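> Structure for the following, please:
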Amino acid sequence: AFELARAGQSPMVLLEGPTGAGKSALIDEFRSAIAPQRPWLVVVKFTAQDQNTDGSGLESLSALGRQLLALPEDQLVQYRERILKGLEGHMGIGASLLPEFQMLLGEHPAAELAPEEAGKRTAMATLALSRAIATPERPLVMIYDDVQWAPKRSLKSLDSSYRGKQGIASLLMLCAYNTD
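Prediction:
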């Protein structure tokens, strides 16, 4: 699946099985295997406590923002330009909610939106961000472990990412969930 992402495709992998079957261990092995190729890597592991929270679906973007901020300045400038161009019209969403993106993109007025509209705009901003950074040379790998515990808003964000991934080259989504 990773090689498909490196070829510009957008595969999705679903791991399912009972508790203790080794899904998380397999994910750890996968992460180790692809690490030398330096993909953008986002990992979210949900817990039973997350299920009843009002998760925003933005958990994964904080980690991505930190990876971007760790780039050398010359590369950071290039990615900043790509992201600003890709987020056109959605700037107030990510930058106002995530400190990493405020540092990366600068101050932008927060969007005043109703919760449902904010959710839609957040999903659109997430897709735009993914399009701006994922490349065959450095695919975006998004891993969601224990998805059965994800809050509804996180599941909606994941669903939006999956449905919108056709327009995102070099995105690999891996979701693991328990069947019991």
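> Would you mind measuring the gap between the ends of stretch 51-68?
Between the opening and closing residues of stretch 51-68 there is a gap of 29 Å (CA to CA, to the nearest Å).
> Looking at that stretch now, give me its mean pLDDT.
When pLDDT is averaged along stretch 51-68, the result is 75.
> Which helix or strand contains the residue nearest the centre of the chain?
To find the centre residue of the chain, average its C-alpha atoms and take the closest one (CA atoms, centre = their mean): that gives Ser60, at 4.8 Å. Following DSSP states H and E, one finds Ser60 within helix 59-69.
> That helix - contacts with which helices or strands?
Applying 3 or more CB pairs under 8 Å, 6 or more residues apart in numbering; DSSP states H and E, we find helix 59-69 packed against strand 40-45, helix 73-86, helix 99-105, helix 115-133, strand 140-145. Bear in mind the C-beta positions are built from the backbone N, C-alpha and C, glycine included.
> Nearest to Ser161, out of these?
Nearest of the helices and strands packed on helix 59-69 to Ser161, taken as CB to CB: helix 115-133 at 6.2 Å.
> Output that closest one as PDB, restricted to C-alpha atoms.
Only the C-alpha atoms of helix 115-133 are listed here, as PDB (Å, rounded to 0.1, in the frame of the first residue of the first chain):
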ATOM      1  CA  PRO A 115     -21.000  24.000  14.600                       C
ATOM      2  CA  GLU A 116     -22.200  22.000  11.500                       C
ATOM      3  CA  GLU A 117     -20.700  24.500   9.100                       C
ATOM      4  CA  ALA A 118     -17.400  24.600  11.100                       C
ATOM      5  CA  GLY A 119     -17.300  20.800  10.800                       C
ATOM      6  CA  LYS A 120     -17.700  20.900   7.100                       C
ATOM      7  CA  ARG A 121     -15.100  23.700   6.700                       C
ATOM      8  CA  THR A 122     -12.700  21.800   8.900                       C
ATOM      9  CA  ALA A 123     -13.000  18.700   6.700                       C
ATOM     10  CA  MET A 124     -12.500  20.800   3.600                       C
ATOM     11  CA  ALA A 125      -9.400  22.500   5.200                       C
ATOM     12  CA  THR A 126      -8.000  19.000   6.100                       C
ATOM     13  CA  LEU A 127      -8.400  17.800   2.600                       C
ATOM     14  CA  ALA A 128      -6.800  21.000   1.200                       C
ATOM     15  CA  LEU A 129      -3.900  20.600   3.600                       C
ATOM     16  CA  SER A 130      -3.400  17.000   2.600                       C
ATOM     17  CA  ARG A 131      -3.400  17.900  -1.000                       C
ATOM     18  CA  ALA A 132      -0.800  20.600  -0.400                       C
ATOM     19  CA  ILE A 133       1.700  18.400   1.300                       C
END
